[in-house]
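> kindly return the folded structure for what I paste below:
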Amino acid sequence: MDRPCLSRRLALALPVTAAGVGGLAACAPEDEGFGSSAPLRAEEDGEIALSDIPENASTLVNFGGQQPFVLIVRGSGEDIEAYSGYCTHNGCALRQAETELDCPCHGSRFDAATGEVLVGPATTHLPAVAVTVEDGMLRRAS
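Here you go, the predicted structure:
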């Protein structure tokens, strides 16, 4: 089911209650129907096998915890860059659609290879996220 994100006006009008927090959860992506490809899910320990991430491609990965979505841009081997999976305009989780990341809240689009803004209202590129590769496993850096 496609759930649109709340407008800023509606989000500000929601009382700070369980109902208000539940309404904001609508901006989080679901594993099903997440753009053109669902994000990969890391193991419960926060690691994902590097072999699960395609080479020469961009892949959203759910590492769990707060702000779980990270865009992994993998070249060949351990050539890895990582960016936040959240729109820099209003913090909504992004959806991957081919070579772009789309914000379902206000329509911003980002290049999935560089994190650069393609279409606003966002004006700031996606910030880098530190990741490490050890023994064939990728994880967020502490």
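
> can you pull up the most central residue in this structure?
When the chain is reduced to its mean C-alpha position, the closest residue under Cα atoms, centre = their mean turns out to be residue 85, at 2.3 Å.

> nearest spatial neighbour of residue 110, chain-adjacent residues omitted?
The shortest distance from residue 110 to any residue other than its chain neighbours is 4.4 Å, reached at residue 101 (Cβ to Cβ, 6 or more residues apart in numbering). (Glycine included, C-beta is placed from N, CA and C.)

> what's in contact with the one helix or strand that neighbour maps to?
Here residue 101 sits within strand 100-102, counting by DSSP states H and E. Around strand 100-102, the neighbours that count as contacts under Cβ atoms under 8 Å, 6 or more residues apart in numbering are 35, 60, 71, 85, 94-96, 108-112, 118, 126.

> can I have the buried ones of these as a PyMOL selection?
Provided next is the PyMOL selection string for whichever of the contacts of strand 100-102 are buried by 16 or more other Cβ atoms under 10 Å:
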select buried, resi 35+60+71+85+94+95+96+108+109+110+111+112+126
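
> go through the contacts of strand 100-102 and flag which are in helices.
Secondary structure from DSSP state H places none of those in helices.

> now, which of the contacts of strand 100-102 sits nearest residue 41?
Taking Cβ to Cβ as the measure, residue 41 lies nearest residue 60 of those, at 10.2 Å.

> so that closest one sits against residue 68, correct?
No: using Cβ atoms under 8 Å, residue 60 makes no contact with residue 68, being 9.9 Å away.

> list residues touching both of these two?
residue 85.

> returning to that earlier point: any idea how far the residue nearest to residue 110 lies from residue 114?
With the distance defined as Cβ to Cβ, to the nearest Å, residue 101 ends up 11 Å from residue 114.

> more neighbours: which of the two?
Set residue 101 next to residue 114 and count neighbours by other Cβ atoms under 10 Å: residue 101 wins out with 28 against 15.

> with that, I have no additional questions.
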